[in-house]
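**Q** let me see the structure of the following:
(2 chains)
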There are 2 protein chains.
Amino acid sequence: MKLASLKQGRDGTLIIVSENLQNAVCIPQIAPTLQSALDNWASIEPELIRASVALEQGKLKGAFKLEDFSHLTAPLPRCFNWSDGSVYLNHMELVRRARGAEMPATFLEEPLMYQGGSDDFKGCRDPIDLNDDEWGIDFEAEVAVVLDDVPMGVTEAEAGQHIKLITIVNDVSLRNIIPGELSKGFGFYQGKPASAFAPVVVTPDALGDAWDGGKLIGPMVCEINGQEFGRPDAGIDMNFEFPRLIAHAARTRRLCAGTVIGSGTVSNRNRSVGSSCIAEARMIEIIEEGQPRTPFLKFNDRVRIAYQTHTGSMPFGDIEQCVVRAQ
Amino acid sequence: MKLASLKQGRDGTLIIVSENLQNAVCIPQIAPTLQSALDNWASIEPELIRASVALEQGKLKGAFKLEDFSHLTAPLPRCFNWSDGSVYLNHMELVRRARGAEMPATFLEEPLMYQGGSDDFKGCRDPIDLNDDEWGIDFEAEVAVVLDDVPMGVTEAEAGQHIKLITIVNDVSLRNIIPGELSKGFGFYQGKPASAFAPVVVTPDALGDAWDGGKLIGPMVCEINGQEFGRPDAGIDMNFEFPRLIAHAARTRRLCAGTVIGSGTVSNRNRSVGSSCIAEARMIEIIEEGQPRTPFLKFNDRVRIAYQTHTGSMPFGDIEQCVVRAQ
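**A** From the prediction side, this is the model:
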């Protein structure tokens, strides 16, 4: 089953989307918003699945063509908890080297995670609108999972059952703001503006072999201005998988239904696959050529992120954003 | 006007509360939840004010006695953005000294702020329930403001108008977890379990002289197990006021209606007033006596926080929590 949200209301209007992303239907009689569905997932999910089957069979009244993804907001346009990990160690090593920071002593023993801003998530075609393109605007291609209620102290073994939906994210980052911010010791804030989400969130079962219960398998194909930039595989070099991230997040608190957990930037040690953020590519250039060559994003640049299964399908659709000066 | 939320539904049921905190009324015809009111504050606030006046005059049908604050959840039991500053520099200096950390180079030029977990806020009588009381359980008495929608790039001069409601918070902190967490460079996560809020949020005008447009004036009276622990004045030694904190938060992103901005632990340079967290008191003991004497909170300890105006009234009511082992 695939779900998305139309740009109607602060929390969007929930729609069920067909497997091929071409047809959709509103289901206000089941759940008006994705958050409301997640708040009662155990009872709502079976109803959504029945409607999803009917949609695929062309038997659902009110179905419409989903012709323009710009009508979509993020599946959760705002959520109560966006906790983003950093579990591809190759990314951590490269970006920390870039800003002259050490790897934390415990990086092999426990995941790194920060609390992100979750009150203004963007749709897959929304611009990256900022006031200044000297801030070192970068993209980060990530995998994210959406949870139901998670009890405090959940174990890694129990955590996987709370993963209800999966998608991909562009975790926009401002590289020229982050070093000063992190040096203050309280983590990211201004350096992480609004993240953007793929058109749809997908149930684990609908992903087949592409989801192994702990991670997504297959490349995150990234393009800048139509040129391929990288295609690191989300299933390779992931040091901690999602159930471990959830257990880490829930160690001292409950996680509310609709919590979104991110993987951090997908990154492979095999440099031939390229990168899914610019900061990494620049660090590799410094290592190999003595100085960075690839610029960060400027106004009018376009970035595209699409996860592909090994058979070439794109179950989440793609994120394609243009950097623009904020109005 | 004073507002609170009953423990009914994930977002609570909005009630208007009388000035003396003794009477209340549900107003589902105006707004079922505080978040829904904040989502349309400009049109909803006048209706709420009319109902509030009628409640004070005893003219409102359905009013009831608010006898037991344990029926209240946090005014926003979950919100989309909890951004907590640290603007009482005396607190920063003492707790950083306690954990052997330097003051950030820019601490006089820009506020420190972190993104906090906002999906599980506690009511004023809810327990601090945790799995382990060896984590260094501490309280922090803070002031917090609730905002309507704030545009990206808002100036400090414009920011104050977005402050719609004011309250106090117990920002529970786990002192034995924080140092290891901060050393990883991504800020607080496990070290900040669920925060608890005062019974009510109050409009700025209803605070009279106690609110000067940028800060609250008067002591945060803190008690542990019935013994006074400190009464630092929220209006003294606040290095950056709320409009500056809001401008800082909105520099690179919009803030959604219902965003809660915290001041960080209230702390005065005058040591005779005591502290509004245990970590500070312990650091002062180390400085003055060579070692800390005051223990962190253990299971069955009680902490109470009440802001008082200089005339002795408590416009927000008090927070009183017992530390218990999580079920």
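
**Q** okay, CA-based contacts and neighbour counts for the rest of this
**A** Will do.

**Q** what residues does the stretch 1-150 of chain A put near chain B?
**A** Within reach of chain B by Cα under 8 Å from any Cα of the partner chain, the stretch 1-150 of chain A has these residues: A:78-81, A:103-106, A:112-120, A:130-131.

**Q** buried only: go through the residues you listed for me.
**A** Among the residues of the stretch 1-150 of chain A next to chain B, those buried by neighbour count (16 or more other Cα atoms under 10 Å in any protein chain shown) are A:78-81, A:103-104, A:112-120, A:130-131.

**Q** on that earlier part again, and the residues of the stretch 1-150 of chain A next to chain B, which of them are in strands?
**A** A:Met113, A:Tyr114, A:Gln115, A:Gly116, A:Leu130 (DSSP state E).

**Q** for the helix or strand of chain A with the lowest mean pLDDT, which positions count as buried?
**A** The helix or strand of chain A with the lowest confidence, counting by mean pLDDT, DSSP states H and E, is helix A:89-98 at a mean of 86. Neighbour-count burial for helix A:89-98 flags A:Leu89, A:Asn90, A:His91, A:Met92, A:Leu94, A:Val95, A:Arg96, A:Arg97, A:Ala98 (criterion: 16+ other Cα under 10 Å).

**Q** how distant is it from the center of its chain?
**A** For helix A:89-98, the separation from the chain centroid amounts to 19 Å (computed by Cα atoms, centre = their mean, to the nearest Å).

**Q** what helices or strands is that helix leaning on?
**A** helix A:278-289 (3 or more Cα pairs under 8 Å, 6 or more residues apart in numbering or on different chains; DSSP states H and E).

**Q** and the helix it packs on, C-alpha only, in CSV?
**A** The C-alpha trace of helix A:278-289 is given here as CSV (Å, rounded to 0.1, in the frame of the first residue of the first chain):
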residue,chain,number,x,y,z
ILE,A,278,27.9,17.4,-2.1
ALA,A,279,30.0,17.6,1.1
GLU,A,280,31.3,14.1,0.6
ALA,A,281,32.2,14.7,-3.0
ARG,A,282,34.1,17.8,-2.0
MET,A,283,36.0,16.0,0.7
ILE,A,284,37.0,13.3,-1.7
GLU,A,285,38.2,16.0,-4.1
ILE,A,286,40.3,17.5,-1.4
ILE,A,287,41.8,14.1,-0.6
GLU,A,288,42.5,13.3,-4.2
GLU,A,289,43.1,16.7,-5.8
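
**Q** quick check: A:Lys122 touching A:Phe197?
**A** Yes. Using Cα atoms under 8 Å, A:Lys122 makes contact with A:Phe197 at a distance of 6.3 Å.

**Q** give the residues shared as contacts by these two.
**A** A:Ala74 (Cα atoms under 8 Å, 6 or more residues apart in numbering or on different chains).

**Q** so for the two, which sits in the more crowded spot?
**A** A:Phe197 (32 against 24; other Cα atoms under 10 Å in any protein chain shown).

**Q** now the more buried one. Its backbone dihedrals?
**A** For A:Phe197, the backbone dihedrals (degrees, to the nearest 10) come out as phi -120, psi 150.

**Q** who does it form a beta bridge with?
**A** Beta-bridge partners of A:Phe197, counted by DSSP bridges, are A:Val169.

**Q** so who does it touch?
**A** A:Ala74, A:Pro75, A:Phe121, A:Lys122, A:Gly123, A:Cys124, A:Thr167, A:Ile168, A:Val169, A:Asn170, A:Ile319.

**Q** now with 6 Å?
**A** Counting by Cα atoms under 6 Å, 6 or more residues apart in numbering or on different chains, A:Phe197 touches A:Ala74, A:Gly123, A:Cys124, A:Val169.

**Q** name whatever forms a beta bridge with A:Cys222.
**A** Where A:Cys222 sits in a bridge, its partners, by DSSP bridges, are A:Gly230, A:Ile305.

**Q** what's the answer for A:Asn23, then?
**A** A:Lys65.

**Q** can I assume it is in contact with A:Glu67?
**A** No. A:Asn23 is not in contact with A:Glu67 according to Cα atoms under 6 Å; the separation is 8.2 Å.

**Q** okay, those two: which has more neighbours?
**A** Comparing A:Asn23 with A:Glu67 by other Cα under 10 Å, the one with more neighbours is A:Asn23, at 18 against 11.

**Q** contacts for the helix or strand harbouring A:Leu245?
**A** Using DSSP states H and E, A:Leu245 falls within helix A:242-249. With Cα under 6 Å, 6+ apart as the test, helix A:242-249 has contacts from A:Val154, A:Thr155, A:Glu156, A:Ala159, A:Gly160, A:Gly214.

**Q** my guess is the last one contacts A:Met238. True?
**A** No. With the criterion set as Cα under 6 Å, A:Gly214 and A:Met238 do not qualify as a contacting pair; they are 9.9 Å apart.

**Q** how long is stretch A:311-321 end to end?
**A** 25 Å (Cα to Cα, to the nearest Å).

**Q** would you mark the buried spots in that stretch?
**A** A:Pro315, A:Phe316, A:Gly317, A:Asp318, A:Ile319, A:Glu320, A:Gln321.

**Q** stretch A:122-139 too?
**A** A:122-131, A:133, A:135-139.

**Q** which of these sits closest to chain B?
**A** A:Leu130 (6.6 Å; Cα to the nearest Cα).

**Q** now for A:Leu6, how many residues are close by?
**A** So A:Leu6, with other Cα under 10 Å, has 22 neighbours.

**Q** take the contacts of A:Phe197 and write them to CSV, including secondary structure.
**A** Formatted as CSV, these follow (DSSP: H, G, I helix; E, B strand; the rest coil):
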residue, secondary structure
A:Ala74, coil
A:Gly123, coil
A:Cys124, coil
A:Val169, strand
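
**Q** residues contacting A:Ser5?
**A** Contacts of A:Ser5 (Cα under 6 Å, 6+ apart): A:Gly12, A:Thr13, A:Leu14, A:Ile15, A:Leu72, A:Thr73, A:Pro75.

**Q** can you list contacts of stretch A:143-157?
**A** Residues contacting stretch A:143-157 (Cα under 6 Å, 6+ apart): A:162-168, A:243-244, A:247, A:250-251, A:253-263.

**Q** ok, stretch A:276-287 next?
**A** With Cα under 6 Å, 6+ apart, stretch A:276-287 has contacts from A:Leu94, A:Ala98, A:Asp138, A:Phe139, A:Glu140, A:Ala141, A:Gly230, A:Gln291, A:Pro292.

**Q** and that stretch, what's buried?
**A** So, applying 16+ other Cα under 10 Å, buried residues of stretch A:276-287: A:Ser276, A:Cys277, A:Ile278, A:Ala279, A:Glu280, A:Ala281, A:Arg282, A:Met283, A:Ile284.

**Q** for A:Glu47, grab the count of nearby residues.
**A** A:Glu47, neighbours per other Cα under 10 Å, totals 15.

**Q** got the CA positions of stretch A:195-210 in PDB?
**A** Taking C-alpha atoms only, stretch A:195-210 is exported to PDB below (Å, rounded to 0.1, in the frame of the first residue of the first chain):
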ATOM      1  CA  SER A 195      13.500  18.500   4.700                       C
ATOM      2  CA  ALA A 196      11.600  17.300   1.700                       C
ATOM      3  CA  PHE A 197       9.900  13.900   1.300                       C
ATOM      4  CA  ALA A 198       9.200  11.500  -1.600                       C
ATOM      5  CA  PRO A 199       5.700  11.500  -3.100                       C
ATOM      6  CA  VAL A 200       4.600   8.500  -1.200                       C
ATOM      7  CA  VAL A 201       5.200   6.400   1.900                       C
ATOM      8  CA  VAL A 202       5.000   2.600   1.400                       C
ATOM      9  CA  THR A 203       4.200  -0.300   3.700                       C
ATOM     10  CA  PRO A 204       7.100  -2.700   4.200                       C
ATOM     11  CA  ASP A 205       5.200  -5.600   2.600                       C
ATOM     12  CA  ALA A 206       4.700  -3.600  -0.600                       C
ATOM     13  CA  LEU A 207       8.500  -3.300  -1.000                       C
ATOM     14  CA  GLY A 208       9.100  -7.000  -1.300                       C
ATOM     15  CA  ASP A 209      12.800  -7.900  -1.400                       C
ATOM     16  CA  ALA A 210      13.800  -4.300  -1.400                       C
END
